[in-house]
Structure formats: structure tokens, C-alpha cells
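Colleague: give me coordinates for this.
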Amino acid sequence: MAGFLAGYVSMFLQSSASSKDVIDNAPFEVGVAFLPHPENTERQGVVIGGASLWMIDGKPEAEQKAAWEFMKYVQSPEVQAKWHVGTGYFAINPAAYDEQVVKEAYEKMPQLQVTVDQLQATKSSYATQGGVMDMIPQERKIIETALETVYNGGDVDKAYETAVEQLNAAIEQANAARGE
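Modeller: As a prediction, the model looks like this:
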């Protein structure tokens with residue numbers, strides 16, 4: 001992202017969660033587009049990831065009730081709409097997109113709507129349902145390191161080969177820990 005904002009990189013892939021920050025801080029007009037796909041294939045869509053909000057079982061009843069009230073609050077259309085336009089994160093409550101704050105934000109910053117349109121156009125399939133991996137933190141770090149290597153002038157093929165080796169080893173280790 002730093003290379004993009006400095007004008008050294010013309011295009012990069014990033015979570016929608018950072019789109020507002022990028023648009024606000026770029027010294028130039030930022031365009032946002034659907035992820036590219038091969039010409040000879042039909043567009044399938046995107047996989048969502050990002051943050052999650054969880055409640056823990058086994059806590060005192062008062063804490064569970066308070067946590068549930070908080071969950072209801074943060075998923076409300078009003079809160080989700082503010083969060084979406086403030087960051088670029090997808091609103092998990094579809095009613096958030098009908099909120100006036102979102103409509104006004106899309107008029108001022110139509111780039112925020114692109115990622116939502118792309119998600120809504122996604123076709124449900126095994127590929128778009130997301131990965132089921134218990135080693136996602138490792139995977140993200142491996143991919144980030146590979147990308148940083150390439151962005152800093154490293155050899156693309158070597159970075160790719162290293163990432164594949166590291167990912168395969170992480171998967172094998174996770175499988176072994178589960179007894180598979």
C-alpha cells in the first residue's frame with residue numbers, strides 16, 4: 001500500500017476494509033475495480049474473510065446477555081452502515097446499504113460501492129465459500145512475505161516457489177496436529 005500511495009506501484013490488491021483509508025490518503029484519484037479473471041473463464045466472484053466477532057460459551061449469564069446485546073447493536077443497519085462507509089468493510093447486514101449515510105457516501109465516493117457490487121455478483125461455489133484452514137495466520141504471513149519480496153525487486157518465480165514450499169509445510173503441520 002505504501003508503494004501505491006507513493007506512486008511507485010500503479011495497482012495492488014487489498015482488502016475492501018482499507019479502501020476508505022487508501023482513497024482518503026492518496027494524493028491522486030483512486031480507482032477501484034472488480035478483481036481480474038482470465039478472459040476465457042466466467043467470473044465467479046470473491047471470497048470474503050476479514051474480522052469476526054465471537055461470543056464465548058461458558059461465561060456467567062449476565063456477561064452472555066451483555067455480549068448478545070452488543071452483538072445485536074454492532075450488526076444493526078445503522079452501525080453497519082457507519083462502519084462500512086468509515087472503512088470500506090462489507091456490511092454484514094444487507095439493510096445497512098439502504099441507510100442514507102451509505103447512499104450519500106456512494107455519491108461522494110463511488111469507489112466504495114465497487115467491492116459491494118462485486119460481492120453481491122459472486123456465485124456461490126466451493127471456490128467462493130472460502131478456505132477452511134486452521135493455519136490462516138501463517139498463510140497470510142507467508143503470502144505477505146512473498147508479495148513484499150516481489151514488490152522490493154525480488155524474483156517472482158523464486159518468491160512463488162518459496163511461498164508454495166512454506167504453505168505446503170504449514171498445511172502438513174496443521175494436518176499432522178489433527179492426526180490426518
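
Colleague: count of neighbours near the nearest residue to F28 once chain neighbours are set aside?
Modeller: Closest residue to F28 apart from its sequence neighbours, by CB to CB, 6 or more residues apart in numbering: G7 at 7.4 Å. Glycine gets a C-beta too; all of them are placed from N, C-alpha and C. Applying other CB atoms under 10 Å, we find 10 other residues in the vicinity of G7.

Colleague: kindly report the same for the one 3 residues further on.
Modeller: Under the neighbour criterion other CB under 10 Å, S10 is assigned a count of 7.

Colleague: show the pLDDT at it.
Modeller: With respect to pLDDT, S10 has a value of 92.

Colleague: how about it, nearest residue that isn't a chain neighbour?
Modeller: Leaving out its chain neighbours, the residue that sits closest to S10 by CB to CB, 6+ apart is F4, at 7.7 Å.

Colleague: can you mark which positions in the helix or strand of the chain with the lowest mean pLDDT are buried?
Modeller: Ranked by mean pLDDT, DSSP states H and E, the weakest helix or strand in the chain is helix 136-151, scoring a mean of 89. Within helix 136-151, the residues scored as buried using 16 or more other CB atoms under 10 Å are Q138, E139, I142, A146, T149, V150.

Colleague: what do you get for stretch 38-53?
Modeller: By neighbour count on 16+ other CB under 10 Å, the buried set for stretch 38-53 is G45, V46.

Colleague: start and end of it, how far apart?
Modeller: 34 Å (CA to CA, to the nearest Å).

Colleague: show residues contacting the lengthiest helix in the chain.
Modeller: Longest helix in the chain by number of residues, with DSSP state H as the criterion: helix 156-177. Residues external to helix 156-177 that are found in contact with it (CB atoms under 8 Å, 6 or more residues apart in numbering): M133, D134, M135, Q138, E139, I142, I143, T145, A146, L147, T149, V150.

Colleague: how far away is the closest residue to the second one other than its chain neighbours from T145?
Modeller: Residue nearest to D134 in three dimensions, not counting chain neighbours: A174, with 5.4 Å by CB to CB, 6+ apart. Spatial separation of A174 from T145 under the definition CB to CB, to the nearest Å is 18 Å.

Colleague: before we move on, the earlier item: next, the angle helix 156-177 makes with the least confident helix or strand of the chain.
Modeller: 170 degrees (axes from the mean of the first three to the mean of the last three CA atoms, to 10 degrees).

Colleague: what helices or strands is helix 136-151 leaning on?
Modeller: Under the contact definition 3 or more CB pairs under 8 Å, 6 or more residues apart in numbering; DSSP states H and E, helix 136-151 sits against helix 156-177.
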